[in-house]
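K.L.:
Pasting the sequence and the predicted coordinates here, then a few questions.
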Amino acid sequence: MAIKEKFSIKLPGGAGPILRGLVVSYLLVAILSLIAGLLFYFTPLSEMWMHPIGAGITTIALFFGGRVAAKAAVNKGLIHGLTIGIIFILITIIMSLFSSHDISWSSLALKSAYALLASAIGGISGVK
């Protein structure tokens, strides 16, 4: 038995690839957000770039999350990618509801479109 098989976790219903893709997405969001925060702090970069950079970070993270999920599943890349995007959006909405800030529905719709497109393309590119 290979080492990879010994340490792999089997989740019911094929949820393993989805969970792996979500973990990759959130880790990338955290790492890229930290880098962006340091850039804003240590450089004279204007705050007007904060929203576009945030959208870019989310797009990149969801692309790679969808790609990782599709590679782990080996098939149905579009479905796995879209699933990553939908779950990410739902978690974002739930977290926004508990925030003291008002939700900008137009901004959420635009970011959701980016998220679904990026995760779907990532899922398609992850299938060999």
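P.N.:
Arrived safely.
K.L.:
and the longest helix along the chain, what does it pack onto?
P.N.:
Scanning the chain for the longest helix, with DSSP state H as the assignment, gives helix 15-42. When contacts are defined as 3 or more C-beta pairs under 8 Å, 6 or more residues apart in numbering; DSSP states H and E, helix 15-42 sits against helix 50-73, helix 77-97. C-beta coordinates here come from the backbone N, C-alpha and C atoms, glycine included.
K.L.:
buried set for the shortest one?
P.N.:
Going by neighbour count (16 or more other C-beta atoms under 10 Å), the buried part of helix 77-97 is 77, 80-85, 87-89, 92.
K.L.:
again with stretch 47-67
P.N.:
Quick answer for stretch 47-67 (16+ other C-beta under 10 Å): 53, 55, 57-67.
K.L.:
Can you pull out the low-pLDDT segments for this protein?
P.N.:
Along the chain, segments meeting pLDDT under 70 span 1-14.
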